[in-house]
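K.L.:
Below are the sequence and a predicted model; questions follow.
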Amino acid sequence: MTRDRRRHRSKQNRKTKKYTEEDEEMMIECLEENPDMCINTIIEESKLDISKMTGWRILIARGFRYRTAETKWYISPKESKTKLKWAREQDPI
């Protein structure tokens, strides 16, 4: 089998995309409106029937990168009460 026939055969076996260029643009617009959206929310807002990984592939192909949220310190209920009490003493309403 020649190289050309293998290339042709692989193109025939490719799965068709579930989304179009317009769908990609809609997804990008949703992201540009609110850059803090998570991938699941972006897919929901753009009303696409695609997986999370497909969404990531679209964004990465368009030059977007992900960022992780900063971790917050855990405050126990006891510490929270103490902190609230201190804040009320500092600035009584």
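P.N.:
Right, received. Where do you want to start?

K.L.:
make it CA atoms for all contacts and neighbour counts henceforth
P.N.:
Will do.

K.L.:
Quick check: pLDDT value at residue 88.
P.N.:
Looking at residue 88, its pLDDT is 90.

K.L.:
So, low pLDDT: which residues of the protein?
P.N.:
1-14, 92-93 (pLDDT under 70).

K.L.:
Helices of that one, start to end?
P.N.:
3-12, 21-33, 39-45, 52-61, 77-90 (DSSP state H).

K.L.:
Save these as a markdown table, and put in distance to residue 67 and mean neighbour count too.
P.N.:
Output for these, formatted as a markdown table (distance: least, C-alpha to C-alpha, whole Å; neighbours: other C-alpha atoms under 10 Å):
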| stretch | distance to residue 67 | mean neighbour count |
| --- | --- | --- |
| helix 3-12 | 35 | 10 |
| helix 21-33 | 13 | 15 |
| helix 39-45 | 11 | 16 |
| helix 52-61 | 12 | 14 |
| helix 77-90 | 29 | 11 |
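
K.L.:
what residue lies at the spatial centre of the protein?
P.N.:
Most central in the chain under C-alpha atoms, centre = their mean is residue 39, positioned 2.1 Å from the mean C-alpha point.

K.L.:
and it, what is it in contact with?
P.N.:
By C-alpha atoms under 8 Å, 6 or more residues apart in numbering, the residues touching residue 39 are 52, 55, 56.
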